[in-house]
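Novice: Could you look at this predicted model? Sequence included:
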Amino acid sequence: MNPEVPATTTQPIPVSPPIPTAPTPKTNWPVSILFLILGILIGVGGLWGYQNYLPLLINKPVEIATPSPIATATTDPTANWKTYADPKGTYSFKYPDDWKLTLNQIGGGQVILLDKIDTTQPKVGLPDGSLKDASYEINFSFPANNVVIPSNAEKYIISGITGSKYSEGCGGCSGAETFVVVTNNSQTDSFSYGAQASADTHTKYMTAFDQILSTFKFLPQAKTISGWNIYTDSAHGYLIQYPPMWTTKKVCHGGIVGDDYICFESPDFQESPVPVVEKGLLIVVATPGSSYFVASSNSSTDFCKEDTMFKLKSCEKIVVNGQQMIKKVYATFSFIDVAVLDQNSVIKLTIRLEYPFPSGYTGTTFDQMLSTFKFQ
């Protein structure tokens, strides 16, 4: 041994432990086959759907939602027109403010003329060489006489009744005169339109003619109560019925002799010296200026006004046989008052019911009497 060479120590080489090998998994053939079958079915189903439904989807029309129409308010051109009601309660109609209404009695019948002067139109020459403003006329004839309806007449409905409309020549007119004829309750009435104007403006107000006729109404006739008495006032032109056994008096209930009113008293009517109705019913029809006229003025606008003494239960407008009226019932007094109006809403008559307070009488007999009231 060489003493100069140091001795070396040999280190053992580390040996890695053996790596365990994972066991080879066994193939699960049933599950694989199942997934394979499902895949095939899905593929076949997708192909079938593609072939059968895709053309339908491509060719299907596209539905476009359409917006709902917006409702618009319809304006009634006759809403603010004047109203004329026949005093006898047989008909009513409306007409424009700028048309003049004239009433005439011809041959026992009534003729209404609606006349419109139109200064915006060319003047019309007269036979004497002078000129006049263009005029348009609508005539109502109740009844119409010697009416011959041509075979080519059109159907025309007025107040729910089918009539006839036709045109024929008119002497002195600028064009043909148009007629509407209708029969109601065995009476034939006619309505006509004509003009004295330039030929090209002759029919300018035909629309107004149709609008006026659209408002025309034949009114229900006054009721007649069998067995009741009839009171007729020729001076003021009205008729009213009252129950049997009732009496009429020109002076009653503290009234003034010679005053212009009429009283209807029930058989059991009694009054105290005040006078106050103690029993029974009293109905009084009075004209303006009489002591029993129960309106403060002729104006209908004041009729429903309430004061501290006479509290009102109700006050409303009513129509009886085509006649405009206002009926008010008092809350603290046993009265019912009715104002009978003319076509200008002026009070022509008042009708009062007085009965014992506080009997709770509902006014049945009064309402029956009122239902028979009409101007002749």
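Specialist: That came through, no problem.
Novice: And what about residue 208, helix, strand or coil?
Specialist: helix (DSSP: H, G, I helix; E, B strand; the rest coil).
Novice: what about residue 93, neighbour count?
Specialist: By other CB atoms under 10 Å, the residues close to residue 93 number 24. The C-beta positions use only the backbone N, C-alpha and C, and glycine is treated the same way.
Novice: Verify the stated contact: it with residue 83.
Specialist: Yes: with contact defined as CB atoms under 8 Å, residue 93 reaches residue 83; the gap is 7.5 Å.
Novice: can I see the domain layout of the protein?
Specialist: With domains defined by automatic domain parsing, the chain comprises 82-218, 229-375.
Novice: Now distance to residue 33 and mean pLDDT too, for these, in a markdown table please.
Specialist: Shown next, in a markdown table, are those (distance: least, CB to CB, whole Å; pLDDT from 0 to 100):
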| stretch | distance to residue 33 | mean pLDDT |
| --- | --- | --- |
| domain 82-218 | 86 | 91 |
| domain 229-375 | 93 | 84 |
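Novice: Switch those over to CSV; also include distance to residue 40.
Specialist: Output for the domains of the chain, formatted as CSV (distance: least, CB to CB, whole Å):
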stretch, distance to residue 40
domain 82-218, 77
domain 229-375, 87
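Novice: And the ones you listed: which comes nearest residue 36?
Specialist: The closest of the domains of the chain to residue 36 is domain 82-218. By CB to CB, the value is 82.6 Å.
Novice: quick one: secondary structure of the closest residue in space to residue 373 that isn't next to it in sequence?
Specialist: Sequence neighbours aside, residue 240 is the residue nearest to residue 373 in space, at 4.7 Å (criterion: CB to CB, 6 or more residues apart in numbering). When classified by three-state DSSP, residue 240 comes out as strand.
Novice: is it true that residue 211 lies in a helix?
Specialist: Yes: when three-state DSSP is applied, residue 211 is found to be in a helix.
Novice: Isn't it up against residue 79?
Specialist: No: taking CB under 8 Å as the definition, residue 211 is not a contact partner of residue 79, at 11.1 Å.
Novice: Looking only at neighbour counts, state which of these two leads.
Specialist: Between residue 211 and residue 79, counted using other CB under 10 Å, the more crowded position is residue 211 (17 against 7).
Novice: List the contacts of residue 202.
Specialist: By CB atoms under 8 Å, 6 or more residues apart in numbering, the residues touching residue 202 are 173, 174, 175, 195.
Novice: Neighbour-wise, give me the winner out of these.
Specialist: Of the contacts of residue 202, with other CB under 10 Å as the count, residue 195 tops at 28 neighbours.
Novice: measure it to residue 124 for me?
Specialist: Relative to residue 124, residue 195 is positioned 9 Å away (CB to CB, to the nearest Å).
Novice: who touches both of those two?
Specialist: Any residue near both residue 195 and residue 124 by CB under 8 Å, 6+ apart counts here, and that gives 134, 135, 174.
Novice: For the first one, grab phi and psi.
Specialist: Comment: the main-chain dihedrals of residue 134 come out as phi -60, psi 140, following degrees, to the nearest 10.
Novice: For residue 119, the count of nearby residues, please.
Specialist: Applying other CB under 10 Å, we find 7 residues neighbouring residue 119.
Novice: Oh, that last question was meant for residue 180, not what I typed.
Specialist: Neighbour count for residue 180, taken as other CB under 10 Å: 23.
Novice: ditto for residue 97
Specialist: Residue 97 is flanked by 7 other residues according to other CB under 10 Å.
Novice: Could you list the buried residues of the helix or strand harbouring residue 178?
Specialist: Following DSSP states H and E, one finds residue 178 within strand 177-184. Buried residues in strand 177-184, counted by 16 or more other CB atoms under 10 Å: 177, 178, 179, 180, 181, 182, 184.
Novice: how about the closest residue to the first one other than its chain neighbours, what does it touch?
Specialist: The reference is to residue 177. For residue 177, ignoring the flanking residues on the chain, the nearest one in space by CB to CB, 6+ apart is residue 170 at 3.7 Å. The neighbours of residue 170, taking CB under 8 Å, 6+ apart as the test, are 176, 177, 194.
Novice: And residue 84, by the same measure?
Specialist: Taking CB under 8 Å, 6+ apart as the contact definition, residue 84 lies against 92, 93, 94, 95, 101, 112, 343.
Novice: returning to what we had before: would you reformat the contacts of residue 202 as JSON lines and include distance to residue 294 and secondary structure?
Specialist: Below are the contacts of residue 202 laid out as JSON lines (distance: CB to CB, whole Å; DSSP: H, G, I helix; E, B strand; the rest coil):
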{"residue": "173", "distance to residue 294": "50", "secondary structure": "coil"}
{"residue": "174", "distance to residue 294": "52", "secondary structure": "coil"}
{"residue": "175", "distance to residue 294": "53", "secondary structure": "coil"}
{"residue": "195", "distance to residue 294": "47", "secondary structure": "strand"}
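Novice: For the residues you listed, give me a markdown table that also has distance to residue 245.
Specialist: Output for the contacts of residue 202, formatted as a markdown table (distance: CB to CB, whole Å):
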| residue | distance to residue 245 |
| --- | --- |
| 173 | 60 |
| 174 | 64 |
| 175 | 63 |
| 195 | 59 |
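Novice: Let me know the closest of the residues you listed to residue 206.
Specialist: Nearest to residue 206 among the contacts of residue 202, counting by CB to CB, is residue 195 at 9.3 Å.
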